[in-house]
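1. Here's my sequence, what's the structure:
(chains A, B and C)
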Amino acid sequence: MSTATETKENPVSQNGHGSSHKQRKWQDYFTFSTDHKVIGIQYLVTSFFFYFIGGFLAEIVRTELATPDPDLVQPEMYNQMFTMHGTIMLFLWIIPAGAAFANYLIPLMIGAEDMAFPRLNAVAFWMIPVGGVLLISSFFVGAPQAGWTSYPPLSLMSGKWGEEIWIMSLLILGTSSILGALNFGITILTMRIPEMDLNSMPLFCWSMLATSALVLIGTPVLAAALILLSFDLIAGTSFFNPVGGGDPIIYQHMFWFYSHPAVYIMVMPFFGVISEVIPVHARKPIFGYRAIAYSSLAIAFLGLIVWAHHMFTSGTPGWLRMFFMATTMLIAVPTGIKIFSWCATIWGGKIELNSAMLFGIGFISSFLIGGLSGVMVAAVPFDIHVHDTYFIVAHFHYVLFGGSVFALFAGLYHWFGKMTGRMLNETWGRIHFALTFIGFNMTFLPMHQLGLLGMNRRIALYDPQFQSLNQVCTIGSYILAVSTLPLVINVLWSLIKGKKAGRNPWRALTLEWQTTSPPAIENFESEPVLWAGPYEYGIDSENEDEEDVEDMLTEVSAQS
Amino acid sequence: MKIPSNILTLIAGIALTLICLWYGQNHGLMPIAASAEARTVDELFNFMMTIATGLFLLIEGVLIISIFKFRRRKGDLTDGPPIEGNIPLEIVWTAIPAVIVFILAIYSFEVYNKMGGLDPMASHDMGTQMAHHHHNDNLVALDLEGQEMALGLGASPGNKDEESLVVDVNGLQYAWLFTYPDTGVVSGELHVPVNRQVTLNISAADVIHAFWVPQLRLKQDAVPGREAQLTFVPDRVGEYPIICAELCGAYHGAMKTTLFIETEAEYNQWVQNNTFAQESFLDEAVANYHVP
Amino acid sequence: MQSSTVEDPKLALNYHKELKNEGTHGEHPDHRMLGVIVFLVAESMIFLGLFGAFLIYRSMMPVWPPEGTPELELLIPGINSIILISSSFVMHKGQSAIQKNDVPGLQLWFAITAAMGAIFLLGQLYEYSHAEFGLTLNVFTSCFYVLTGFHGLHVTLGLLLILAVLWRSRQPEHYSENSHFGVEAAELYWHFVDVVWVILFVLVYLL
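-> Presented below is the predicted three-dimensional model:
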């Protein structure tokens, strides 16, 4: 998928970086390129393209909800809007954006010249635009209206072809995700430079390892559920249709077996991003490397055995509810370890409060709320009250927007210089952060209260007593919409006029900063040298001063 | 790592504790509770809210202090202290959340048990039992004999022997239909007498719905082909909304009705009025509900 | 601050050559077999999902298959299973052959495997066409067709892989004792399909 940003970006990265390295031409970004960096940027730009579509749909939903009556769009249309909003944001924005960073960064971070299977990588990417365009084309036949969860029997009864397109599109996107994960996992496990063992990899690689495992185990089960749903829809079988003896609850089990881990598939890559961004800008080693690394694995494992907490009010027997409650609450432990460790990394550091760090700290503070409400909804008696209400809407937006998206922006400000050779503008970055942070909290914080007071989700018309809070949310969502403007302006302006990044503008230690910005076509002019652990800030400061690091870097580059 | 002086930390700690204890009780986020069980859920929520407020203030506090206190000065290119971890500290912050969730899990279990969630009669998946009675393909038909093994929340352990007012609840696009088997009353609204145990047998005719009364803190999906049960004792007279909480189609938001918790006398009056009117209106009412 | 002052003009000259090599990246060790294994793990999760659903249906229904389901024919599927399982051994002979650099041996054994796979598929089709029940009769028959059909799709894919290996093996030197990834991948895939069939046969036909 191509956007205006993409076309603008590439001639610039050519002229701009002032290197005599041969660089990618802008046309390369529209081809079936096997270069992981091209693919990474293709992923990123594509995902932002869908972000704007999904965001537009969200604004329609919020505008509709400014008043209690369904006056802007018809209720059927409203259901299509939020179904598509959810599906696009999850499968075409957050998951590909995570894959974008993974593609771009993994080979650079481990000192490889490309992924293990470059061609497979390109295939995985090109399935995204295909699946995305297919999904959006469903508007022509009446988009699916059963929510992103598509619970039967409703999904079997509302708009056959829209639903079928939704299924097909998800199967394509799921396959893409599986192929991507296969590549990430094997690349991380087998292509590190010889000096780098698992415990000296950057934490982003650890989180991608855990993510990949989840994708490989979870996504195929979703595929199985969708195949059966498709048979019900098209061939008239009754797997999930009670009229013919089937059982809708089985769909829910299969769906959530994937879709709960999917939450971690969406958020864990960004845990990794945060673990990279925070130590660099706090100038301090990451606090508790192993704890953070292994907690990713713990989250991945626990994430596989909690799925039925989405079904506490539907078809789960009492004792099973208790089991899933206990496992769900247990996830708070590894997640807590991460949050505490990030805080301890920041504490006592020398913080450079630039846009990347602002978004990083914004991530911790917003994700914290999502985590706390997450433990609450794990408690069965309380979940029975708030299930399928705006409390849940607030909770998962705090996890996925407050978590993933904030970290995504942190990563964007952090690595933009590496990707394009030019830095993003700080002033615009701060404006972007301020608007995003205010808009986000204004949109989603009141939703907690709405849910607790009794507003259910997925409704176009609601009780007038909730109107004032809903209007706050709607205004917040407009601020969020406005917040994309500084981002777009910043990206376009910086591509042309941005400050040159140089090799290592942040004085960071991970390997991607040892090469030029943007990196040469096969990443490193010479074998990168692992002369420090990924986060060993301040280690040498007693006998050597900072200049030495620079010298060593220069030396490394001089060798080429 | 610079640790603030002991006294300051102590004062901050006390203030933090007081704030979260106060806010945990006075957040005002929950609607009125109309049953004893709803109040136990509120107590659980208050407890969680207290802990959450404490953690929230602690971590946001750390972040805010860091932003102001640990900023890099201009021109300072040195790194912070090379602290790579602190095993005792890490054990503490692994253990504390573990203990908290352990307590929370036990507490939730207790509350859930009080609500009747572990009542073997109600909390068991009835899938198998239901199907026993159906050897034909018509599995969707609901089996009234199977109700003793329904899904959902049963009677609180203390009220097990009390006799319930039974109401059959049927969700259909986009209305609720309440049938009182004892009196034969069929209504679009739910009327129950105060302080008497009520058992709802919840089913669905077309797609999945969910029966939700926020003031009772009770919600149960109505799944076509299955029967679920909710048992509760309302103890506060009033009118409360009954909301469908599971997406059931375009007019999902309009699928609402009212729960009337009435005094015994008012309730009997209502039953009487409806029993007379029933004969003539029944057919019409049913016919109407099938047309969205 | 570091800046990219150190540049190497030679690299720029080498660009075209580098670009040509881009597609192959042949230098790092070959991880393709690992890739196939990981892919098969993901594949097996699809089957696990389907089998899981099947077992839940089975445990939910008091009578399984539901009353009114015609008896499943066992003879042809039984013979079919024996053919498919033994084809795995036949195929392994092919791989042993190529390890001794014996390409004609590889071709012979793989051709036999392909023939056995084709017989299996034909047997499956025969079974479908003579079955006394349709896809939508009840949950059991739906499961039957979806499971066997999805497996059949995998057999077809495996058959195509074998044929592709045969086609490529006509080129001399394409496969040798040191380089026969295609052979190994096709074989592993075939074994996977076989194992799935054994589980499927036990679940659907025997239990």
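2. Specify the local secondary structure of the residue nearest to residue A:157 when sequence neighbours are not counted.
-> Distance criterion C-beta to C-beta, 6 or more residues apart in numbering or on different chains; nearest residue to residue A:157, sequence neighbours excluded, is residue B:207 at 6.5 Å. The way it works is simple: take the backbone N, C-alpha and C, and place the C-beta from them, glycine included. Three-state assignment for residue B:207 (DSSP: H, G, I helix; E, B strand; the rest coil): coil.
3. try residue A:221
-> Under three-state DSSP, residue A:221 comes out as helix.
4. Next up, the contacts around the closest residue to it other than its chain neighbours.
-> Excluding the flanking residues, the one nearest residue A:221 by C-beta to C-beta, 6+ apart is residue C:49, at 3.9 Å. Going by C-beta atoms under 8 Å, 6 or more residues apart in numbering or on different chains, residue C:49 touches A:220, A:221, A:223, A:224, A:225, A:254, A:257.
5. Might one say that the last one is in contact with residue A:305?
-> No - between residue A:257 and residue A:305 no contact is recorded; they are 9.6 Å apart, counting by C-beta atoms under 8 Å.
6. Looking at those two now, which is surrounded by more residues?
-> residue A:257 (25 against 16; other C-beta atoms under 10 Å in any protein chain shown).
7. Now do that one against residue C:53, distance only.
-> According to C-beta to C-beta, to the nearest Å, residue A:257 and residue C:53 sit 11 Å apart.
8. list residues touching both of those two?
-> By C-beta under 8 Å, 6+ apart, no residue touches both residue A:257 and residue C:53.
9. Report the central residue of chain C.
-> residue C:189 (3.6 Å; C-alpha atoms, centre = their mean).
10. what residues does the helix or strand hosting that one touch?
-> Following DSSP states H and E, one finds residue C:189 within helix C:181-200. Residues from elsewhere that reach helix C:181-200 (C-beta under 8 Å, 6+ apart): C:30, C:32-33, C:36-37, C:40, C:43-44, C:47, C:51, C:81, C:84-85, C:87-88, C:91-92, C:94-95, C:98, C:106, C:110, C:113, C:117, C:147-148, C:151, C:154-155, C:157-158, C:161-162, C:164-165, C:168, C:175.
11. Just the buried subset of these, please.
-> The neighbour-count test (16 or more other C-beta atoms under 10 Å in any protein chain shown) marks C:32, C:36, C:40, C:43-44, C:47, C:51, C:81, C:84-85, C:87-88, C:91, C:94-95, C:98, C:106, C:110, C:113, C:117, C:147-148, C:151, C:154-155, C:158, C:161-162, C:165, C:175 as buried among the contacts of helix C:181-200.
12. Keep these, but drop any that are not near chain A.
-> C:32, C:43, C:44, C:47 (C-beta under 8 Å from any C-beta of the partner chain).
13. Can you add secondary structure and give those residues back as TSV?
-> Shown next, in TSV, are these (three-state DSSP):
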residue	secondary structure
C:32	helix
C:43	helix
C:44	helix
C:47	helix
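14. By pLDDT, give me the weakest of the residues you listed.
-> Minimum pLDDT for these is recorded at residue C:32 (90).
15. who touches that one in this structure?
-> A:117, C:181, C:185.
16. out of the ones next to chain A among the buried ones among the contacts of helix C:181-200, which one sits closest to chain B?
-> Chain B has its nearest neighbour among these in residue C:47, at 23.6 Å by C-beta to the nearest C-beta.
17. you'd agree residue A:150 is in a helix?
-> No - assignment of residue A:150 by three-state DSSP gives coil, placing it outside any helix.
18. Let me know whether it touches residue A:169 as I believe.
-> No - Residue A:150 lies out of contact with residue A:169 (C-beta under 8 Å); the separation is 11.7 Å.
19. Can you pull the domain assignment for the chain?
-> All of this is about chain A. Listed by automatic domain parsing, the domain ranges of chain A are A:1-28, A:32-276, A:510-560.
20. that's the wrong chain, I wanted chain B
-> B:6-71+B:88-114, B:120-133+B:142-290.
21. Whether the first one contacts chain A - can you check?
-> Yes - looking at domain B:6-71+B:88-114 against chain A by C-beta under 8 Å from any C-beta, the contacts come from B:29-31, B:40-41, B:44-45, B:48-49, B:52, B:55-56, B:59-60, B:62-63, B:66-67, B:70-71, B:89-90, B:93-94, B:97-98, B:100-101, B:104-105, B:107-109, B:111-112.
22. Secondary structure of residue B:202: a strand, I assume?
-> Yes - per three-state DSSP, residue B:202 lies within a strand segment.
23. Show me what it is bridged to.
-> Counting by DSSP bridges, residue B:202 forms beta bridges with residue B:169, residue B:228.
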